[in-house]
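**Q** structure of the sequence below:
(2 chains)
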Amino acid sequence: MSRAIFWGSVLLALAFLIVPLVLVLPLAFNEGSFLTYPMDGFSLKWFAEIFTHGQWTRAFWNSLRIAFGAMIAGVLIGGLAATGVMLTGRALQIVLTGLLVSPLVVPSIVVGVAFAYAFGRMGLSGSYWGLVLAHAILGAPLVFLSVMTSLRGLDPDLDLAAASLGASRSHRFWHVTLPLAAPGFLAGALFAFTTSFDEVVVALFLASPESTTLPVALFAGLRDRLQPTIVVVALLLSLISFALLWLMWWLQSLGRPQKH
Amino acid sequence: MSFLEIRNVDKFYGAMQALAGVSLSIPKGSFVTLLGPSGSGKTTLLKILAGFEGVSGGEILHSGRDITDLKPEKRNFGLVFQGYALFPHMSVFDNVAYPLKVRRKTRDEIAARVAAILDLVHLGALSRRKPHELSGGQQQRVALARALVFEPDLLLLDEPMSALDKKLRVELQDQLRDIHHRLGTTFINVTHDQEEAMHMSDMIAVMNHGRIEQFDTAHRLYRRPNSRFVADFVGKSNIFDGVTQSRGAAAEFVADGFRLSLPREAKAVSEIVIRPEDIRIARADCAGGAAGDIRLEGTVAASTYSGDRALYSIALPGGRTLLTYGSAREGALEPGVPVAVAFDTKDCILLH
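**A** Below is the predicted model of the structure:
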């Protein structure tokens, strides 16, 4: 009986999450130019349209460049913050963790307005670096949390052992702590990348026509021209996200056998 | 000036005092064990020696040099952790080579020294393995090799045997003693296992409530304990409370059920200790029976047979029990058998 309830609820939850996707995605291959069933026939012409149309490829490259920059900046900010916070006392740790995680709690529309206003004054609005910086600040808490989890899982005796063997603090960090916390850094980097790659709200406030990202272009497309191209882009985005999720799972399974 | 001098060290954690005026002089090349129950401060003292904890008062001198506030990485002390703390991402070879790489030795020198020390701990064949592919005993020996390969001035061992089973423990104790003899490095071992302490150490510091109760050889700790705690903690013992009474020029110790005349120079004695092996036992109906200065009668309450001998718990009329060893040639005596026990004045340890 309880098994039936378990499988029933699992299937319902999966259906709730997946059915809308499954219903929409075939429309990417629609022959006609409307997002309706029944489909007019099978065609890859919308895929061709995406890859030849400068607007979409430019947005894609923008997104990639911004996500990459945001990932590096986010890992630096979040990773260094986590490493530093681990060295502080218990009370300070709670306060600092709260502060560093706060960008996750503030609604993104508030963050977007704040960045638009601040960057406007600084002349960063619409620029590549403005978006990288804004997305890095959104991604840094995720890196911070994942690196913290990794560092907390480390046996504190390892650092003491390295110290007793004569290693300076920096030697210990590079040769003991960092290699062992690497899965945390990598997972954090992927989180930061996907966060930036999928981010709409802040990008809407900050992106200029030249620096438009893929989600923003998608959003604009929804408003202006409701064509299967949008579904094609959505499909491609989902595939990239799946690939990243798989990569993360693989990295985590790579880190596991080292524990004993 | 001894090799390592611990002077009046105090350690407080908040209001809790972990160490109270600990002083120890450790001679170069000796094997010293800090022995005590959990919470006695022995691990705290080890952490202070390793440099992981500061002191609240007092100082530590190494060959005359004050090292109280020296960082752990500057001390050149090896440390074997209770959980070994091997680096899980490095092979056995890289673990052992780590302290040499830190010291910027050449590749050839590292290879030669790691190979030599791995041979010493009989792990030469496993140098490519990762720590999680080794048994507990093997991991312990890697930790030992890693802590010795850089020729430290002092080797600290934090309950290194506690995670191993009994048979392996005895084997490793022998190995550790052998390595100590060969290298001549000063060893300081921490344990709560008094058998391990007696087996390996030149000197034992018995600790209790943050103090050193007695610092002595194993033999003197056993035969001449200077407190009830040491007598009770080290080995099996029978402790009798009593009072000292003057009888003209001589004095007598009066305990529940017997009297003991004290040597002339003895101060007031509050307790006497008798080791079980100093007590003779015989069946009450056996002619001749147990002979000695002091004879008591009782019945067997319980017995533990171990082949070579039997350990008896004897119920005395006063309500207390006495531990004694007896021959087990004809098997152990049954509980309830009336027996006579006897011991000599010269075997009694007097506590003041």
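
**Q** do a quick rundown of the helices in the stretch 101-250 of chain A.
**A** For the stretch 101-250 of chain A, the helices identified by DSSP state H, counting those that start in this stretch occupy A:108-122, A:128-152, A:156-164, A:169-172, A:178-198, A:201-206, A:214-224, A:228-255, in order along the chain.

**Q** just put the ones you listed in JSON lines and tack on mean pLDDT.
**A** Rendered in JSON lines, the data for these read as follows (pLDDT from 0 to 100):
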{"stretch": "helix A:108-122", "mean pLDDT": "86"}
{"stretch": "helix A:128-152", "mean pLDDT": "90"}
{"stretch": "helix A:156-164", "mean pLDDT": "93"}
{"stretch": "helix A:169-172", "mean pLDDT": "91"}
{"stretch": "helix A:178-198", "mean pLDDT": "88"}
{"stretch": "helix A:201-206", "mean pLDDT": "85"}
{"stretch": "helix A:214-224", "mean pLDDT": "82"}
{"stretch": "helix A:228-255", "mean pLDDT": "80"}
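
**Q** contacting residues around stretch B:127-138?
**A** With C-beta atoms under 8 Å, 6 or more residues apart in numbering or on different chains as the contact definition, stretch B:127-138 has outside contacts at A:257-260, B:84, B:86-88, B:90-93, B:95-96, B:114-115, B:118, B:123, B:126, B:139, B:142, B:163-164, B:168, B:171-172. All C-beta spots, glycine's among them, are computed from the backbone N, C-alpha and C.

**Q** which of those residues fall in helices?
**A** For the contacts of stretch B:127-138, the ones inside helices are B:Val92, B:Phe93, B:Asn95, B:Val96, B:Val114, B:Ala115, B:Leu118, B:Gln139, B:Val142, B:Leu168, B:Glu171, B:Leu172, with DSSP state H as the criterion.

**Q** what does chain B put close to chain A?
**A** Residues of chain B found near chain A, taking C-beta under 8 Å from any C-beta of the partner chain as the criterion, are B:50-52, B:71-73, B:75-79, B:81, B:83, B:85-89, B:98-99, B:102-103, B:130-132, B:146-147, B:150, B:156.

**Q** and if we set it to 6 Å?
**A** B:50, B:52, B:72-73, B:79, B:81, B:85, B:88-89, B:98-99, B:102, B:132 (C-beta under 6 Å from any C-beta of the partner chain).

**Q** looking at those residues, which are in strands?
**A** Under the assignment DSSP state E, the residues of chain B next to chain A contribute B:Leu79 to strands.

**Q** please indicate which of the residues of chain B next to chain A are buried?
**A** For the residues of chain B next to chain A, a neighbour count by 16 or more other C-beta atoms under 10 Å in any protein chain shown gives the buried set as B:Ala50, B:Phe52, B:Pro72, B:Glu73, B:Leu79, B:Phe81, B:Ala85, B:Pro88, B:His89, B:Tyr98, B:Pro99, B:Val102.

**Q** for B:Val55, which non-adjacent residue is spatially closest?
**A** With sequence-adjacent residues excluded and distances taken as C-beta to C-beta, 6 or more residues apart in numbering or on different chains, B:Val55 is closest to B:Val9, at 5.1 Å.

**Q** residues contacting the helix or strand the one you found falls within, please?
**A** With elements delineated by DSSP states H and E, B:Val9 resides in strand B:4-13, which encompasses its position. Residues lying outside strand B:4-13 but in contact with it, judged by C-beta atoms under 6 Å, 6 or more residues apart in numbering or on different chains, are B:18-19, B:21-26, B:44, B:55-62.

**Q** restricting to C-alpha, output it in CSV.
**A** Written as CSV, here are the backbone C-alpha positions of strand B:4-13 (Å, rounded to 0.1, in the frame of the first residue of the first chain):
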residue,chain,number,x,y,z
LEU,B,4,62.4,18.9,26.7
GLU,B,5,61.4,20.8,29.7
ILE,B,6,57.8,21.5,30.5
ARG,B,7,57.5,24.1,33.3
ASN,B,8,54.4,24.9,35.3
VAL,B,9,52.1,24.7,32.3
ASP,B,10,48.4,25.8,33.0
LYS,B,11,45.7,25.5,30.4
PHE,B,12,42.1,26.9,30.8
TYR,B,13,39.2,26.5,28.4
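
**Q** quick one: whichever helix or strand comes after it to strand B:4-13, angle?
**A** Scanning forward in sequence from strand B:4-13 by DSSP H and E, the next helix or strand is strand B:16-26. Between the axes of strand B:16-26 and strand B:4-13, defined by axes from the mean of the first three to the mean of the last three C-alpha atoms, to 10 degrees, the angle is 180 degrees.

**Q** may I see the buried residues of strand B:16-26?
**A** B:Gln17, B:Ala18, B:Leu19, B:Ala20, B:Val22, B:Leu24, B:Ile26.

**Q** of all these, which comes closest to A:Gly8?
**A** For the buried residues of strand B:16-26, the closest approach to A:Gly8 (C-beta to C-beta) belongs to B:Ala18, at 57.5 Å.

**Q** state the distance from that closest one to chain A.
**A** As defined by C-beta to the nearest C-beta, to the nearest Å, B:Ala18 lies at a distance of 18 Å from chain A.

**Q** hmm, B:Lys42 and that residue touching each other?
**A** No. Under the criterion of C-beta atoms under 6 Å, B:Ala18 makes no contact with B:Lys42, lying 10.0 Å away.

**Q** show me the beta-bridge partners of the residue nearest to B:Val55.
**A** Each beta-bridge partner of B:Val9 is listed here: B:Val22, as defined by DSSP bridges.

**Q** follow-up on the earlier one: as JSON lines, the residues of chain B next to chain A with pLDDT would be great.
**A** What follows is the residues of chain B next to chain A, written out as JSON lines (pLDDT from 0 to 100):
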{"residue": "B:Ala50", "pLDDT": "94"}
{"residue": "B:Phe52", "pLDDT": "93"}
{"residue": "B:Pro72", "pLDDT": "92"}
{"residue": "B:Glu73", "pLDDT": "92"}
{"residue": "B:Leu79", "pLDDT": "94"}
{"residue": "B:Phe81", "pLDDT": "93"}
{"residue": "B:Ala85", "pLDDT": "93"}
{"residue": "B:Pro88", "pLDDT": "92"}
{"residue": "B:His89", "pLDDT": "91"}
{"residue": "B:Tyr98", "pLDDT": "95"}
{"residue": "B:Pro99", "pLDDT": "95"}
{"residue": "B:Val102", "pLDDT": "93"}
{"residue": "B:His132", "pLDDT": "92"}
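
**Q** now flag whichever of the residues of chain B next to chain A is closest to A:Leu44.
**A** Within the residues of chain B next to chain A, distances to A:Leu44 taken as C-beta to C-beta reach their minimum at B:His89, with 46.7 Å.

**Q** OK, contacts around A:Val113?
**A** Counting by C-beta under 6 Å, 6+ apart, A:Val113 has no contacts.

**Q** if I look at it, how far off is chain B?
**A** Distance of A:Val113 to chain B, given as C-beta to the nearest C-beta: 45 Å.

**Q** point out where the stretch 1-150 of chain B drops to low pLDDT.
**A** Counting by pLDDT under 70, the stretch 1-150 of chain B contains low-confidence residues at B:1.

**Q** closest point of the stretch 251-352 of chain B to chain A, which residue?
**A** With C-beta to the nearest C-beta, the shortest gap between the stretch 251-352 of chain B and chain A falls at B:Ser306, namely 37.2 Å.

**Q** run a quick neighbour tally on that residue.
**A** Here the count is done by other C-beta atoms under 10 Å in any protein chain shown, and B:Ser306 has 10 residues near it.

**Q** find the nearest non-adjacent residue to it, please.
**A** Taking C-beta to C-beta, 6+ apart, and ignoring the residues beside it in sequence, B:Ser306 has B:Ala328 as its nearest neighbour in space, at 7.5 Å.

**Q** I'd say that neighbour and B:Leu311 touch.
**A** No. The pair B:Ala328 and B:Leu311 does not pass the contact test of C-beta under 6 Å, sitting 9.4 Å apart.

**Q** quick one: buried residues of the one helix or strand B:Leu157 maps to?
**A** Counting by DSSP H and E, the element that carries B:Leu157 is strand B:154-158. Neighbour-count burial for strand B:154-158 flags B:Leu154, B:Leu155, B:Leu156, B:Leu157, B:Asp158 (criterion: 16+ other C-beta under 10 Å).
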